[in-house]
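# Predicted model and sequence follow; I will ask about them next.
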Amino acid sequence: MTDTPNGWTRRQWLQLTAAGTVQAASLMTARAEAAAPAQLGVQLYTVREQVKTQAQATLKAIADIGYREIELFELNTLAAIAPMAKALGLTPVSIHIPAPLVTGNWDAWGGASGAGATAIGTLDKAFDAAHSNGLKYAVVSYLQPAERGTSAAAYEKFADQLNRAGETAQKAGLTLGYHNHGFEFAPMGDDKRPIDILLSRLDPSLARLELDVFWVSITGADPVELIAKSKGRIALLHLKDKAKGAPRETDERKVAKATFAEVGNGALDFPAILKAAQVSGVEHYFVEQDQTPGDPIVSLRQSYDYLHKLA
């Protein structure tokens, strides 16, 4: 059967146009045109256990695969990891920071007198440390269950706090980000979702999203659709796949370890995701896998190999 210029068969094209599925046609175009990001990175949370005792060997393994950027997951190891990574040809781009540096609510994280809070210090010190090590982004990583709001007003307040922290980040030479999980997609009592409030209230000139496509998808939302309608608001993207047939869930604590999969080994349409991200203005892409079935370096290699086959 003769193919159309887009690479579809005539039968596929007739089926699409007959059904009026313009969105499906767009996704097929995205699949044909998407390519792997030129500077693919790794969120080091994937190898969190390995970097504790074998940091240099782990970073070298990541560089040897072909990754060129990294995102750090804690401030306490920044001073040691960043120069080590640079020496191996890896560019530290961003780092995750705890929410209490922005909200002041350390009680949900074990209290302000805890070792973690004491070592981190203030928001200004965290930003100064990130900037002095050449990073571009500081990303609020997570809201503990105890500090999450149950109303639109609570998330409006949080968005305002992020905007103010974004002003401080700009003065330090950084851009502030916020990383989603699943709870932001759970409807609240007023039928609004936290993600909708954050997207509408965050000033993209001050605070942008680091969108995790796994967590978007596991809730039943469509990451391609969300990326497409959030042009200019998403600066960073976390790439991880979701096991086929995984049940919907907005509570990340209930997601089984086996639900996480290497990019290309699950249910997500990464060609369409990457195409939407390119159009939307995403700047950096990090492969992350919260749980791996074995050696995380092996999983990172599988994700890398799949993504570069798209080029």
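Sure, I can see it.
# for the chain, which helix is longest?
Of all the segments assigned as helix in the chain under DSSP state H, the longest by residue count is helix 152-171.
# Each with direction, which strands does the following helix or strand past it pair with?
For helix 152-171, the succeeding helix or strand toward the C-terminus, using DSSP states H and E, is strand 175-179. Its sheet considered, strand 175-179 pairs with strand 137-140 (parallel), strand 207-212 (parallel) by DSSP bridges.
# ok, now how distant is Q54 from A61?
9 Å (CB to CB, to the nearest Å). For every residue, glycine as well, the C-beta is placed using N, CA and C.
# Do you have the strands of the stretch 151-300 of the chain handy? List them.
Secondary structure of the stretch 151-300 of the chain (DSSP state E, counting those that start in this stretch): strands at 175-179, 207-212, 234-239, 241-242, 260-261, 284-287.
# Adding mean neighbour count as columns, could you present these in CSV?
Shown next, in CSV, are those (neighbours: other CB atoms under 10 Å):
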stretch, mean neighbour count
strand 175-179, 25
strand 207-212, 25
strand 234-239, 25
strand 241-242, 22
strand 260-261, 24
strand 284-287, 23
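# Confirm for me that L300 is in contact with I62.
Yes: contact between L300 and I62 holds when scored by CB atoms under 8 Å: they sit 6.6 Å apart.
# which neighbours do these two share?
Any residue near both L300 and I62 by CB atoms under 8 Å, 6 or more residues apart in numbering counts here, and that gives 42, 47.
# neighbour count winner among those two?
For L300 versus I62, neighbours defined as other CB atoms under 10 Å are more numerous around I62 (29 against 24).
# Specify the beta-bridge partners of the residue positioned nearest the centre of the chain.
Nearest to the centroid of the C-alpha atoms of the chain, with distances taken as CA atoms, centre = their mean, sits H238, at 3.0 Å. When bridges are taken as DSSP bridges, the partners of H238 come out as D212, F286.
# which residues sit in contact with it?
With CB under 8 Å, 6+ apart as the criterion, the residues that contact H238 are 43, 179, 210-214, 286-288.
# Would you mind measuring from the spatially closest residue to T219 that is not a sequence neighbour to V255?
In this structure, T219 finds its nearest non-sequential neighbour in F185, 3.8 Å apart by CB to CB, 6 or more residues apart in numbering. In this structure, F185 lies at 13 Å from V255, with CB to CB as the measure.
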